[in-house]
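Peer 1: I need the structure of the sequence given here:
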Amino acid sequence: MKELKGFLIILGCLFIGNILSELLTISIPGSILGMILLLILLITHIVKLEQVEKTSSFLLSIMLVMFIPGAVNLMNVIQKFENVIFQVVFIVIVSTVIILIVTSLSIDKLLDKGGNKNE
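Peer 2: Prediction:
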């Protein structure tokens, strides 16, 4: 029952984010607005971390499965990418490397600033 409540909280934030995205006609996706809303609710302690922790861990563990429908749909429109496939692959590889570098440097700075608790 606790997991269902957490799922409903996350789903509610997603729903409100989608509504806000449509009403405000901004170029931020509703899912991002929903997660920002959830973050605000967690920071202000309106929603307790314990309420959504198990559900979010489960959703993260099955996240890869959620990409399958998009990948299958990509096979339907692959002919549109035939002329630019090498550019797309290059951009994906370069952006992945940049994200890895920025993430690792950010974590490194945070660990240096906050002190490593394992020491």
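
Peer 1: tell me what the helix or strand of the chain with the lowest mean pLDDT is packed against?
Peer 2: Using mean pLDDT, DSSP states H and E, helix 68-76 stands out as the lowest-scoring helix or strand of the chain, at a mean of 84. Contacts defined by 3 or more Cβ pairs under 8 Å, 6 or more residues apart in numbering; DSSP states H and E place helix 68-76 against no helix or strand at all. Placement of C-beta: from N, CA and C, glycine included.

Peer 1: next structured bit after that helix?
Peer 2: Using DSSP states H and E, the helix or strand that directly follows helix 68-76 along the chain is helix 85-114.

Peer 1: for the record, mean pLDDT for that next one?
Peer 2: Mean pLDDT, computed over helix 85-114, is 91.

Peer 1: next one: it to chain centre, how far?
Peer 2: Here the centre of helix 85-114 is set off from its chain's centre by 16 Å, with Cα atoms, centre = their mean, to the nearest Å.

Peer 1: repeat for stretch 62-79
Peer 2: 17 Å.

Peer 1: Do me a favour and get the end-to-end distance for that stretch?
Peer 2: By Cα to Cα, to the nearest Å, the extent of stretch 62-79 from end to end equals 29 Å.

Peer 1: Also stretch 24-36?
Peer 2: End-to-end for stretch 24-36, by Cα to Cα: 15 Å.

Peer 1: any idea of the mean pLDDT for it?
Peer 2: On average, stretch 24-36 scores 90.

Peer 1: tell me which residues in that stretch are buried?
Peer 2: 30, 33-34 (16 or more other Cβ atoms under 10 Å).

Peer 1: Show me which of those is closest to Val72.
Peer 2: In terms of Cβ to Cβ, no member of the buried residues of stretch 24-36 lies closer to Val72 than Gly30, at 22.8 Å.

Peer 1: mind putting the buried residues of stretch 24-36 in TSV, secondary structure and distance to Ile40 included?
Peer 2: Shown next, in TSV, are these (DSSP: H, G, I helix; E, B strand; the rest coil; distance: Cβ to Cβ, whole Å):
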residue	secondary structure	distance to Ile40
Gly30	helix	15
Leu33	helix	10
Gly34	helix	11
